[in-house]
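**Student:** coords please:
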Amino acid sequence: MVWLLSNNLDFVTAGKKLLAERFPFLEFSLFNHPEVTCEFLEINKGDPTREQLCREIAKPGYEIVAAMTSPRFIKTHFPFSMLPSELLDIGCKVVYVARNPKDVGVSWYNLNRSIKTQGYIGDFPTFWDYFQNDLTPWSPYWAHLKEAWNLKDHENLLFLFYEEMIRDFPKTIRKVAKFLGKTYTDEEIDKVTNYLEIKNFRNNSMVNYSELRACGIIEEGYFVRKGGIGGWKDVFTPELDVAANKWIEENLRDTDLRFPFFNNNIDND
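**Tutor:** As a prediction, the model looks like this:
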């Protein structure tokens with residue numbers, strides 16, 4: 001969405017060039033240490049194209065970003081405290097997306113099972129215990145979230161909730177366009193909405209990381225899953241839900257941050 005809105009809805013380029021090239025993931029190489037890269041190269045031995053991809057994803061993110069021309073689009077899961085302190089003040093635009101932690105946990109669990117750079121082989125309750133106790137990458141979750149929430153009024157930060165995006169996607173597209181200084185007609189907004197509708201998005205080879213699945217790096221299922229709200233209800237036991245709600249309540253006491261629709265019995269999966 002951000003790339004399309006910033007590039008005058010250039011669907012032609014978006015249909016020919018991988019999102020990972022247009023919008024690189026800054027720290028992905030951190031999970032591609034030499035042993036993992038050698039494993040990937042062995043799996044794809046004899047296929048020059050796939051071997052080259054295995055080498056490319058192991059390149060340090062800062063090298064890839066440094067070689068990009070302006071304007072640059074960079075994806076990262078780093079908290080603000082691990083990014084340049086002047087990032088917002090020098091005019092960089094940042095879109096930050098927050099999500100109900102229970103849905104985050106389920107999504108994160110599925111990703112950690114499916115992609116070999118993570119390699120998780122346990123069950124969900126164990127994974128949730130790791131997540132809740134800040135033992136997964138990019139933790140601690142709450143410090144990460146609160147850092148961004150405390151900056152939400154900065155003119156160069158757009159703080160979005162995933163739940164609001166799912167409930168009214170066209171409204172979110174308009175909000176992001178305005179943040180990026182772009183104006184589009186209702187017809188154009190509808191076109192973006194349809195292009196990014198979850199089923200179309202899931203089947204779009206330029207954005208769904210099918211190249212990683214072809215190389216055996218993503219082992220099972222889709223990188224793009226349901227794209228809904230409330231999927232945690234299919235995974236959490238009643239006991240786990242009670243403990244998770246207590247954890248969430250405790251961590252929200254010192255902030256006015258609240259997750260939209262958190263107490264609603266909704267499920268758009």
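
**Student:** And stretch 20-40, end to end?
**Tutor:** Taking C-alpha to C-alpha, to the nearest Å, stretch 20-40 runs 18 Å from one end to the other.

**Student:** List the contacts of that stretch.
**Tutor:** 2-3, 13-14, 54-55, 57-62, 64-65, 68, 73-78, 116-118, 137, 209, 211, 215-217 (C-beta atoms under 8 Å, 6 or more residues apart in numbering). All C-beta atoms are positioned from the backbone trio N, CA, C, and that covers glycine.

**Student:** for the record, mean pLDDT for it?
**Tutor:** For stretch 20-40, the mean pLDDT works out to 85.

**Student:** least trustworthy helix or strand in this structure by mean pLDDT?
**Tutor:** In the chain, no helix or strand scores lower on mean pLDDT, DSSP states H and E than helix 210-214, which sits at a mean of 70.

**Student:** For the stretch 1-150 of the chain, which segments count as strands?
**Tutor:** For the stretch 1-150 of the chain, the strands defined by DSSP state E, counting those that start in this stretch occupy 94-98.

**Student:** Averaged pLDDT, stretch 47-56. What do you get?
**Tutor:** For stretch 47-56, mean pLDDT rounds to 86.

**Student:** Please point out which parts of that stretch sit buried.
**Tutor:** Under the neighbour-count criterion of 16 or more other C-beta atoms under 10 Å, stretch 47-56 has Arg50, Glu51, Leu53, Cys54 buried.

**Student:** next one: it to chain centre, how far?
**Tutor:** 24 Å (C-alpha atoms, centre = their mean, to the nearest Å).

**Student:** now do stretch 142-158
**Tutor:** On C-alpha atoms, centre = their mean, the centre of stretch 142-158 falls 16 Å from that of its chain.

**Student:** So what would you say the end-to-end distance of it is?
**Tutor:** Start-to-end span of stretch 142-158 (C-alpha to C-alpha) is 18 Å.

**Student:** same check, this time on stretch 34-53
**Tutor:** 14 Å.

**Student:** quick one on the thing from earlier: immediately after the least confident helix or strand of the chain, which helix or strand?
**Tutor:** Next helix or strand after helix 210-214 toward the C-terminus (DSSP states H and E): helix 238-252.

**Student:** Pull the residues that contact that next one.
**Tutor:** So helix 238-252 is contacted by Pro101, Lys102, Gly105, Pro125, Trp128, Gln132, Trp142, Phe236, Arg258 (C-beta under 8 Å, 6+ apart).

**Student:** can I get these in TSV with neighbour count and distance to Cys92?
**Tutor:** Shown next, in TSV, are those (neighbours: other C-beta atoms under 10 Å; distance: C-beta to C-beta, whole Å):
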residue	neighbour count	distance to Cys92
Pro101	22	27
Lys102	24	31
Gly105	24	29
Pro125	14	39
Trp128	24	34
Gln132	20	32
Trp142	18	24
Phe236	20	37
Arg258	9	27
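
**Student:** Of all pairs in those residues, which one spans the longest distance?
**Tutor:** Pro125 and Arg258 (26.3 Å; C-beta to C-beta).

**Student:** Between its first and last residues, how far does stretch 2-13 reach?
**Tutor:** 14 Å.

**Student:** List the buried residues of that stretch.
**Tutor:** Val2, Leu4, Leu5, Ser6, Leu9.

**Student:** Which residues does it contact?
**Tutor:** With C-beta under 8 Å, 6+ apart, stretch 2-13 has contacts from 14, 19, 22-23, 71, 73, 95, 173, 176-177, 180, 182, 184, 188, 191-192, 195-196.

**Student:** So for it, mean pLDDT?
**Tutor:** 95.

**Student:** cool, stretch 125-139 as well?
**Tutor:** Per-residue scores along stretch 125-139 average to 93.

**Student:** Check which element follows the helix or strand harbouring Lys175 along the chain.
**Tutor:** Per DSSP H and E: Lys175 is located in helix 169-179. Going down the chain from helix 169-179, the next helix or strand is helix 186-195, by DSSP H and E.

**Student:** Could you identify the helix or strand that succeeds that next one?
**Tutor:** Downstream of helix 186-195, the first helix or strand assigned by DSSP H and E is helix 198-202.

**Student:** CA atoms only for that following helix, dumped as PDB, please.
**Tutor:** Provided in PDB are the C-alpha atoms of helix 198-202 (Å, rounded to 0.1, in the frame of the first residue of the first chain):
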ATOM      1  CA  ILE A 198      -6.400 -10.500   1.000                       C
ATOM      2  CA  LYS A 199      -7.200 -13.200  -1.500                       C
ATOM      3  CA  ASN A 200      -5.600 -11.200  -4.300                       C
ATOM      4  CA  PHE A 201      -2.700 -10.200  -2.100                       C
ATOM      5  CA  ARG A 202      -2.100 -13.900  -1.000                       C
END
